[in-house]
Each structure stands twice: as structure tokens, then as C-alpha cells.
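[1] I would like the atomic coordinates for the input below:
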Amino acid sequence: MGFFGKLFGKKEKETLDQGLQKTKTGFLSKLTKAIAGKSTVDEEVLDNLEDALVSADVGITTTVKIIEKIEQRVAKDKYLNTSELNTILQEEMESILVDVAEKDAYDFSTELPAKPYVIMVVGVNGVGKTTTIGKLAYNFKKAGKSVLLGAADTFRAAAVEQLTIWSERVGVPIVKKDTGSDPASVAFDTVTSGVARGADIILIDTAGRLHNKAHLMEELSKIKRVVQKVIPEAPHEVMLVLDGSTGQNALEQAKQFTAATDVTALTITKLDGTAKGGVVLSIAHQFKIPVKFIGVGEKMDDLLVFNKHEFVDSLFNLHQPATND
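    As a prediction, the model looks like this:
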């Protein structure tokens, strides 16, 4: 299973299969109809396949790319039967997803390339950003790492309160100031404290306002600058959190944030509550940014390290996790 094989065990696979159930059910139903009664992949099959992909919110641009690749395979092999279509489709969907270069890859137990490793988390309000930070903190701590949280979303009292609750729930320290404080000063104090504590991971929450992109860009740039006064290479990761259940709206958010700052990684949440899980392919294809984590449930263990092979396999996997009689 590649770099993440040691982490992606049976439990994680079952969690992923269950989390993608809504997307999988709709997609496979349409895929089955697309090839019903057909012995070869013809134009009608491809039209029906296109409909199946679009309905899973893979998006027009990404769907066209996949269909074109399959058309090339059909033209090359001359005779392509429908039993081969699943395999080819899985291969093409995997190829769409951006690889995480091994030097940039990490799971919760990996020895990270820097200490402290600073992750600045961005995303609009309501996508599950603060919850994702809490789940990341839980999983990193569970793997034996020391974690520090920074509540730099100082524009909303609720954001600071929510992150404080997560810090208490997970049992990790937090740096925070009063509502309305300068976000950059919170980030600076967090990193300074993280260095003094010898923390392994620093997770910095930021404000999620998009109504004024210029102001957002200025704010995120300022946070970066002050953090670099303490650690010149930081932040080591700028992670954009997107709500997968919003489908193509998540693409628009990605456009806004990639224009405002140098996003290096994606976390896509709430995939368990939607039939639109194909948006993961659409986002990865259009922005060429690696998806590093996905959220497939409410529990803290339901935030998974993203593995493109296992993700695509789960979309085609009809088997339910075994239960004890």
C-alpha cells in the first residue's frame, strides 16, 4: 500500500469503506446501469459513464479527462469489453489524484522533517476546520507526539472557545488571547511557546473569512512573516480544509484560498454525509495539491491519512465490513 501501508490497516479500510458508502452506492448503481447488457465499451457506455461520474461530483473538467483517457484505451485496444472497464476506470481515477512525494509525506507516526513542525490551517467557517485541528491533535498525540494548538482565529469568540474545548478533550496545551486580538501575535506566541516546550507539532487555526480576499491575503501573509521570525522555514505546511459535502462549492473555496496563500496540502471533510465524494478527484485534478487527510465520520479516529489507491478501491468495493455473529 505504498508509503502509508503501515498505517492503513484493516480498521482504517473498514472506516473508509463505511464513510464512502453514500457516494459508492450511487456511483456503482449508475455504473452498473451504464454497462448493463453491453459486451463492449461503446459510445453509449461512455455517455452513461460520464453521467455516473458527474453525479458523484467528479466535475465536468475531470470527468472529460477520464473519459478521454478511456476513449484512448478503447481506440488503442480496438476491442475492450465491459468487464475490463472497472479496472481501467480505477486506474484512470487513481492517476488523476495527486501523488504526495515521499519527501513530503507523513502519517501520524512518521518522524517529521522538522521540530517543531508547524501546520497553518486555513478554510472558511463551517467546513470543519477547528474540528479537523482537534482530530489531528488527537491522532498525533495518540502516535506519541507532543502537540501545541494556537487559536489565531481571534475574530470569532466561538472559534477560540471551540478550539479550547478540543485542547481539553484531547489533553494538549493551547495558546490563545482575547477575541479581537491580533492573529499574528497569537501565532508568534504559539510558535515561541512551541519551541520552548520542545513540541513536535504546532497547529495554528486561522480566520475563515472570504468576503475580502485582499484582507485575507494580507492577514495570512502577516502570520507567515511573524512565524518565520522564530522558525525561518515555517510554516512547514499550509493546510486548506474543505467540506466535501458542498461539492463544487468546495472548488470555489479552493480557488479563493490558493489565490490568497501558498496552499501545500488539503484535508477534505464530511465525506460520510454525501453522495458527492467524487469531488476529491475534481479538487486534486484542478489544483494539483495533494490531499493528505480525509474526514469520514464524527469520531476522532474517522480522520484518515489519504491513500489514493485505497480511496478509489473503496468506491468500487461492495463488501461490507465483517461483523461478529
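[2] Quick check, central residue of the chain?
    T267 (2.3 Å; Cα atoms, centre = their mean).
[3] The host helix or strand of that one pairs with which strands, and in what direction?
    Using DSSP states H and E, T267 sits within strand 265-269. In the sheet, strand 265-269 lines up against strand 237-243 (parallel), strand 291-295 (parallel) (DSSP bridges).
[4] Distance to K115 for those strands - can I get that in a markdown table?
    Every residue, glycine included, has its C-beta placed from N, CA and C. Converted to a markdown table, those look like this (distance: least, Cβ to Cβ, whole Å):
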| stretch | distance to K115 |
| --- | --- |
| strand 237-243 | 14 |
| strand 291-295 | 19 |
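[5] In TSV: those, plus distance to V191 and mean pLDDT.
    Listed next are the strands paired with strand 265-269 as TSV, based on distance: least, Cβ to Cβ, whole Å; pLDDT from 0 to 100:
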stretch	distance to V191	mean pLDDT
strand 237-243	14	94
strand 291-295	21	92
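[6] can you redo those strands as JSON lines with distance to V186 and mean neighbour count?
    Formatted as JSON lines, these follow (distance: least, Cβ to Cβ, whole Å; neighbours: other Cβ atoms under 10 Å):
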{"stretch": "strand 237-243", "distance to V186": "17", "mean neighbour count": "24"}
{"stretch": "strand 291-295", "distance to V186": "24", "mean neighbour count": "23"}
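[7] quick one: E237 and V263 touch, right?
    No - contact criterion Cβ atoms under 8 Å: E237 and V263 do not qualify, at 9.4 Å.
[8] Tell me how many other residues surround Q162.
    Q162 has 19 neighbours, counted by other Cβ atoms under 10 Å.
[9] worst-scoring helix or strand of the protein, pLDDT-wise?
    helix 21-35 (a mean of 82; mean pLDDT, DSSP states H and E).
[10] Who are the packing partners of the helix or strand that the strand holding T267 is followed by?
    Sequence-wise, the next helix or strand downstream of strand 265-269 (DSSP H and E) is helix 279-287. Helices and strands touching helix 279-287, as assessed by 3 or more Cβ pairs under 8 Å, 6 or more residues apart in numbering; DSSP states H and E, comprise helix 60-77, helix 82-96, helix 248-260, strand 265-269, strand 291-295.
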